[in-house]
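# Sequence plus predicted model, see below.
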Amino acid sequence: MPTARRPRMFVARLDSETESTPLARYLLRAYLSGLPAGDRYADTAELLLGELFANAVQHSDAPDDRHIEIRFTLTPDRLLRLEVHDAGAGHPTLRAAAPDDERGRGLFLVNELAHRWGCETRPCGIGKFVWALCAPTLVSI
């Protein structure tokens, strides 16, 4: 009897620029299209990845020529794990945006939509990665 195998982790390095955000989301959609029920993650996962990637571009103190690495994988408990790696030293902090602020709501959205999220120092010692777990949406009948 064949056994079900978990999909492999997808990894890509993209230029650290705002224009790479749509490419990151495109790569995520392509990854999800190969998963059974991948469409159940798509909307939330794209929003989460877009916010995490944009934060890495805008707030990283890494040199501009450093790439941002994205990773996607499905965990054994069927959560989609998204990671965004950058060479910056700062860690993101959740803050409350004032009603008239034009920016500053990205991590609020991540906090509200992700199953869980966090930030860790990269094992190589340079930079950090921010991760988010995305649960599949329930199918309504």
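Done, it's in.

# residues making contact with the top helix by length along the chain?
For the chain, the helix with the greatest residue count under DSSP state H is helix 42-59. By C-beta atoms under 8 Å, 6 or more residues apart in numbering, the list of residues contacting helix 42-59 from outside reads 14, 16-18, 20-21, 24-25, 28-29, 32, 68, 70, 80, 82, 84, 86, 88, 90, 92, 106-107, 109-110, 113-114, 117, 130, 132, 134-135, 137. C-beta coordinates here come from the backbone N, C-alpha and C atoms, glycine included.

# Which is the succeeding secondary structure element to it?
Downstream of helix 42-59, the first helix or strand assigned by DSSP states H and E is strand 68-74.

# Could you report the pLDDT at residue 14?
Per-residue pLDDT puts residue 14 at 96.

# where does the residue nearest to it when sequence neighbours are not counted fall, helix, sheet strand or coil?
Excluding the flanking residues, the one nearest residue 14 by C-beta to C-beta, 6 or more residues apart in numbering is residue 20, at 4.2 Å. Three-state assignment for residue 20 (DSSP: H, G, I helix; E, B strand; the rest coil): helix.
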